[in-house]
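Enquirer: No letters, just coordinates:
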């Protein structure tokens, strides 16, 4: 079983204290109950409360406890590398362009919300950089740039020399830069959203794991160990931590455990030649190489490791070795923080808005693009529930959960494929293809 690392993260060490979120005790009533206080649930709760909707959030642990508070803190206005605007439209039909617009606006939505609410989360809208590890992926990024330009968005292509200057890494073929992206402390952001939602009138109950969802009087009765809330609508935003609460949702996603490390603080002079301008970097490899500066001068990186006992140690050794291999002149460096979390992946790498029963919905599957997409999607769901957005204009289809074929084996697929992914990435990079 994986070691619990929530209080071992760099973000826990740097984030302001969480607002008071007492457990649910007794019976309560709400218009909407949200299950899960990650970024999606908190964004939906905030925007609902700001429109006057009575909303209660039930969280098994504390706000930001899952992947929302443990990720690398990148604000990425994009879906996965394989999904450009044209691909999304081809897959979703009428919903494709609305989702593409929302994704393209998502960085602006996050940083605008942070500024509006005054959230102290080390926010840096310094742009997001995606370097190409091969010539083929460079051509893909150039297509992405043209697709976004056709939709009125300005993203930039850097050549190999400028990418090397800005990234401080010389082997890339070029890069795409989206100026609306950037980086934050994700746990501080989650806690700031929670405080803002409470200030707007939402009720957030931590240590209130939902035990059952029952139909009652035309609505829902959401039960915890110490109480229950009656509501007209329920939204599940548990993402990869849905577990046994809704088996059909658990069967529709692939949980992927991702590890992160943060190095010791590095010399200020080193920052002058690595990630110049402090744009976070996530390249096009199958096993993505991601890198950023933390607010206190550390390098943060991560990815996947083979599961099992000792995974934290393998993550520390493996990612430090990867840093030394990719970053010229890094030399010996230690990791002061090592942690992990679980994200929800879908087979087609697309998010889902799921109709489980009348008045019972779920949103899930951001595939590692959670900070920006969940914030934006939470706002849209709130608009739908509050009647400000018509169902026909919502950016995702509202359908039944789709079970992943061979789910038991598929959930182990990402780890089992990791050696092959690393081999292919290295082969393509070395060949310059």
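Expert: On my side now, so go ahead. Every value quoted in this text rests on a predicted model; they were computed, and no experiment measured them.
Enquirer: So residue 14 sits against residue 122, correct?
Expert: Yes: the criterion here is C-beta atoms under 8 Å, and residue 14 meets it with residue 122 at 7.3 Å. Heads up, the C-betas are built off the backbone N, CA and C, glycines and all.
Enquirer: what residues do the two have in common as contacts?
Expert: Both residue 14 and residue 122 are in contact with 185, 188, 295, where contact means C-beta atoms under 8 Å, 6 or more residues apart in numbering.
Enquirer: do you know how far the first one is from residue 192?
Expert: Between residue 185 and residue 192 the computed distance is 9 Å (C-beta to C-beta, to the nearest Å).
Enquirer: With residue 282 instead?
Expert: Going from residue 282 to residue 192 by C-beta to C-beta gives 24 Å.
Enquirer: residue ranges with poor pLDDT in the chain?
Expert: 1, 365, 406-416, 432-433 (pLDDT under 70).
Enquirer: In it, what residue spans correspond to helices?
Expert: 10-14, 39-50, 85-92, 96-117, 135-150, 160-167, 186-199, 247-250, 268-271, 311-326, 370-385, 407-410, 413-416, 418-431 (DSSP state H).
Enquirer: Please identify which of these is closest to residue 208.
Expert: helix 39-50 (12.6 Å; C-beta to C-beta).
Enquirer: Can you name every helix or strand that that closest one contacts?
Expert: Applying 3 or more C-beta pairs under 8 Å, 6 or more residues apart in numbering; DSSP states H and E, one finds that helix 39-50 contacts strand 26-35, strand 55-58, helix 186-199, helix 370-385.
Enquirer: Tell me how many other residues crowd residue 266.
Expert: For residue 266, the count of nearby residues is 16 (other C-beta atoms under 10 Å).
Enquirer: Enumerate every residue touching the residue nearest to the spatial centre of the chain.
Expert: Compute the mean C-alpha point of the chain, and by C-alpha atoms, centre = their mean the closest residue is residue 370, 1.8 Å away. When contacts are counted by C-beta under 8 Å, 6+ apart, residue 370 is found next to 38-40, 67-68, 71, 239, 343.
Enquirer: One more pass at 7 Å, please.
Expert: Shown in contact with residue 370 (C-beta atoms under 7 Å, 6 or more residues apart in numbering): 39, 67-68, 71, 343.
Enquirer: try residue 3
Expert: residue 312.
Enquirer: what does stretch 83-93 contact?
Expert: By C-beta under 7 Å, 6+ apart, stretch 83-93 touches 79, 96-97, 99-100, 143-144, 147-148, 151, 348-350, 397.
Enquirer: can I get these in CSV with neighbour count?
Expert: Below are those laid out as CSV (neighbours: other C-beta atoms under 10 Å):
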residue, neighbour count
79, 23
96, 17
97, 15
99, 26
100, 24
143, 13
144, 22
147, 18
148, 20
151, 12
348, 15
349, 18
350, 19
397, 15
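Enquirer: Closest one of those residues to residue 221?
Expert: Comparing these against residue 221 with C-beta to C-beta places residue 397 closest, at 28.1 Å.
Enquirer: neighbours around the closest residue to the closest one other than its chain neighbours, how many?
Expert: Closest residue to residue 397 apart from its sequence neighbours, by C-beta to C-beta, 6 or more residues apart in numbering: residue 95 at 5.5 Å. A count of nearby residues for residue 95, using other C-beta under 10 Å, gives 19.
Enquirer: Surely residue 95 touches residue 399?
Expert: No: the pair residue 95 and residue 399 does not pass the contact test of C-beta atoms under 7 Å, sitting 10.5 Å apart.
Enquirer: thinking again about what came up before, shared neighbours, residue 185 and residue 192?
Expert: Common neighbours of residue 185 and residue 192 (C-beta under 7 Å, 6+ apart) are residue 121.
Enquirer: ok, the residue nearest to residue 378 when sequence neighbours are not counted - how many residues close by?
Expert: In this structure, residue 378 finds its nearest non-sequential neighbour in residue 43, 2.7 Å apart by C-beta to C-beta, 6+ apart. Residue 43: 28 surrounding residues under other C-beta under 10 Å.
Enquirer: Now do residue 93 against residue 15, distance only.
Expert: 41 Å.
Enquirer: who has more neighbours, the two?
Expert: Shown here are residue 93 and residue 15; by other C-beta under 10 Å, residue 15 has more neighbours (22 against 10).
Enquirer: Please give me every residue in contact with that one.
Expert: Residue 15 touches 185, 187-188, 191, counting by C-beta under 7 Å, 6+ apart.
Enquirer: now it: how far from residue 289?
Expert: From residue 15 to residue 289 the distance is 26 Å (C-beta to C-beta).
Enquirer: before we move on, back to that, would you reformat the helices and strands packed on helix 39-50 as JSON lines and include distance to residue 139?
Expert: Output for these, formatted as JSON lines (distance: least, C-beta to C-beta, whole Å):
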{"stretch": "strand 26-35", "distance to residue 139": "42"}
{"stretch": "strand 55-58", "distance to residue 139": "44"}
{"stretch": "helix 186-199", "distance to residue 139": "32"}
{"stretch": "helix 370-385", "distance to residue 139": "25"}
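Enquirer: which stretch among these comes nearest residue 324?
Expert: That would be, of the helices and strands packed on helix 39-50 and by C-beta to C-beta, helix 186-199, which comes in at 26.1 Å.
Enquirer: Go ahead and name everything in contact with the closest one.
Expert: By C-beta under 7 Å, 6+ apart, helix 186-199 touches 11-12, 14-16, 18-19, 21, 37-39, 42-43, 45-46, 49, 63-64, 68-69, 71, 73, 117, 119-122, 204, 371.
Enquirer: ok, residue 158 touching residue 175?
Expert: Yes: here residue 158 lies in contact with residue 175, judged by C-beta under 7 Å, at a distance of 4.6 Å.
Enquirer: quick one: which of these two has more around it?
Expert: Higher neighbour count among residue 158 and residue 175: residue 175, with 26 against 20, using other C-beta under 10 Å.
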